[in-house]
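Peer 1: no letters, just coordinates:
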């Protein structure tokens, strides 16, 4: 039996993914970890340093603003990005040098965000997604990162492999709002 290498959460239902169901492990033109990039997508690569978490939030907010989100939708998205990037900084590299790749895409009224690292990966993705679970208790981590991502986004997918890294893919539908001039 294949080992679970990912989890997809849609409408509150969790689906376990085996390695063959995870696209994170496929090489795509040398860009392992991110989906194919469209002409209006933004792809960033930055160092796994705590200072870059705020940068990732700001870039995401600027990108999402084109969809005219409500303040609540924008706050939800920024929080989810913050948690995904912070997880990579804290857990993927554990203070060692590394990089994080982030892809932002918009399809109609949906925002897609992918955050990928080439860090240590997770031995047990199901355990890692449990609220209050952390591998770094000495840093006083709350273990709520995945719970926040799941609560604030409409869809969450986590793919991981020990020694290879982790991909977090999140989607959120933006409610249609009227533009006022």
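Peer 2: Sure thing, it's come through. Fair warning: this is a prediction, and the values are worked out from it, not measured in the lab. Numbering: from 1, shown residues only.
Peer 1: so which elements touch the lowest-mean-pLDDT helix or strand in the chain?
Peer 2: One helix or strand of the chain scores below all others by mean pLDDT, DSSP states H and E: helix 125-128, with a mean of 78. Helices and strands touching helix 125-128, by 3 or more CB pairs under 8 Å, 6 or more residues apart in numbering; DSSP states H and E, are strand 4-10, strand 155-161. For the C-beta atoms, the positions are set from N, CA and C on the backbone; glycine is no exception.
Peer 1: quick one: buried residues of the helix ranked longest in the chain?
Peer 2: Ranked by residue count, the top helix of the chain under DSSP state H comes out as helix 71-87. Within helix 71-87, the residues that qualify as buried are 73-74, 76-87, counting by 16 or more other CB atoms under 10 Å.
Peer 1: coming back round to it: any buried residues in the least confident helix or strand of the chain, and which?
Peer 2: Neighbour count says helix 125-128 has 125, 128 buried, by 16+ other CB under 10 Å.
Peer 1: repeat for stretch 52-71
Peer 2: For stretch 52-71, by 16+ other CB under 10 Å, it's 52, 53, 56, 57, 59, 60, 63, 64, 67, 68, 69.
Peer 1: how close does residue 10 get to residue 157?
Peer 2: 9 Å (CB to CB, to the nearest Å).
Peer 1: who has more neighbours, the two?
Peer 2: residue 157 (21 against 12; other CB atoms under 10 Å).
Peer 1: returning to that earlier point: got the helices and strands packed on helix 125-128 as TSV, with mean pLDDT and distance to residue 19 columns?
Peer 2: Compiled in TSV, those are given as follows (pLDDT from 0 to 100; distance: least, CB to CB, whole Å):
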stretch	mean pLDDT	distance to residue 19
strand 4-10	85	4
strand 155-161	92	7
